[in-house]
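Undergrad: kindly return the folded structure for what I paste below:
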Amino acid sequence: MTFRRSEGTVAGNGLARLRAIAAAAVAIALLSPSAASAEPPTAVIPKQTIYPGETLEASMLEVVDVTNPDLRDGYVRSIEEIQGKVTKRTLLPGRVILASALRDQYAVERGSTTRLIFSNGGLTITAAGSPLQDAAIGDLIRVRNIDTGVIVSGTVMADGTIHVVAK
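TA: Below is the predicted model of the structure:
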């Protein structure tokens with residue numbers, strides 16, 4: 001025996017499905033962040049020319065509304081997210097600042113003297129070392145032990161020490 005739906009059931013079922021889809025679309029539109037914030041997007045621009053190696057301060061920057069709808073992502077939107085960062089290249093006044101043009105400040109600098117720490121179980125050995133490169137917190141770098149001349153690798157810590165990794 002074969003069953004067949006009547007025309008009224010198909011139309012009623014299709015109408016219910018259409019209403020459900022419309023309700024879902026309205027809910028998504030109301031919950032999306034772009035609909036929730038009617039404010040235009042902002043970007044951070046320099047007030048003056050900023051050269052590579054300079055640390056960014058709030059007095060050097062200003063926040064402006066983005067009026068170009070074709071501006072690609074990757075630019076800085078608020079001063080708080082770049083405060084204290086260092087520039088990798090020259091930043092020109094009136095141009096958006098790309099996040100890729102900035103870096104964190106170095107925790108250790110090449111040629112300076114730092115403390116090396118090696119820990120293994122209950123054994124801890126400390127020595128004086130000289131980094132062979134500039135590095136930020138969390139970077140793995142090579143360091144020369146000042147006393148022995150041996151080059152080791154280690155991770156830069158927030159306090160400027162370098163935790164040596166075992167070979």
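
Undergrad: make it CA atoms for all contacts and neighbour counts henceforth
TA: OK.

Undergrad: need the CA coordinates for stretch 120-127. PDB is fine.
TA: Provided in PDB are the C-alpha atoms of stretch 120-127 (Å, rounded to 0.1, in the frame of the first residue of the first chain):
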ATOM      1  CA  ASN A 120      66.900  19.000  36.900                       C
ATOM      2  CA  GLY A 121      65.100  17.400  39.800                       C
ATOM      3  CA  GLY A 122      66.700  18.800  43.000                       C
ATOM      4  CA  LEU A 123      69.800  20.000  41.200                       C
ATOM      5  CA  THR A 124      70.000  23.700  40.300                       C
ATOM      6  CA  ILE A 125      73.000  25.300  38.700                       C
ATOM      7  CA  THR A 126      73.300  29.000  38.000                       C
ATOM      8  CA  ALA A 127      76.000  30.800  35.900                       C
END
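
Undergrad: which residues in the chain form helices?
TA: Secondary structure of the chain (DSSP state H): helices at 7-31, 33-36.

Undergrad: by mean pLDDT, show me the worst of those.
TA: The minimum mean pLDDT among the helices of the chain belongs to helix 33-36 (a mean of 50).

Undergrad: let me know the distance separating Val108 from Thr87.
TA: 17 Å (Cα to Cα, to the nearest Å).

Undergrad: whoops, I mixed them up, Arg19
TA: Arg19 sits 53 Å away from Thr87, going by Cα to Cα.

Undergrad: need the pLDDT of the residue sitting nearest the centre point of the chain.
TA: Central residue of the chain (Cα atoms, centre = their mean): Ala99, 7.5 Å from the mean position. Reported pLDDT at Ala99 in the predicted model: 92.

Undergrad: residues touching it, list them.
TA: 74-76 (Cα atoms under 8 Å, 6 or more residues apart in numbering).

Undergrad: again with Arg110
TA: By Cα under 8 Å, 6+ apart, the residues touching Arg110 are 130-134.

Undergrad: and the end-to-end length of stretch 143-156?
TA: Start-to-end, stretch 143-156 (Cα to Cα) is 10 Å.

Undergrad: go on, stretch 80-100?
TA: End-to-end distance for stretch 80-100, by Cα to Cα: 16 Å.

Undergrad: list the buried residues of that stretch.
TA: 82, 84-87, 91, 93, 96-98 (16 or more other Cα atoms under 10 Å).

Undergrad: could I get those as CSV with distance to Gly53?
TA: What follows is the buried residues of stretch 80-100, written out as CSV (distance: Cα to Cα, whole Å):
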residue, distance to Gly53
Ile82, 14
Gly84, 11
Lys85, 9
Val86, 6
Thr87, 5
Leu91, 11
Pro93, 17
Val96, 18
Ile97, 15
Leu98, 15
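
Undergrad: nothing else from me, thank you.
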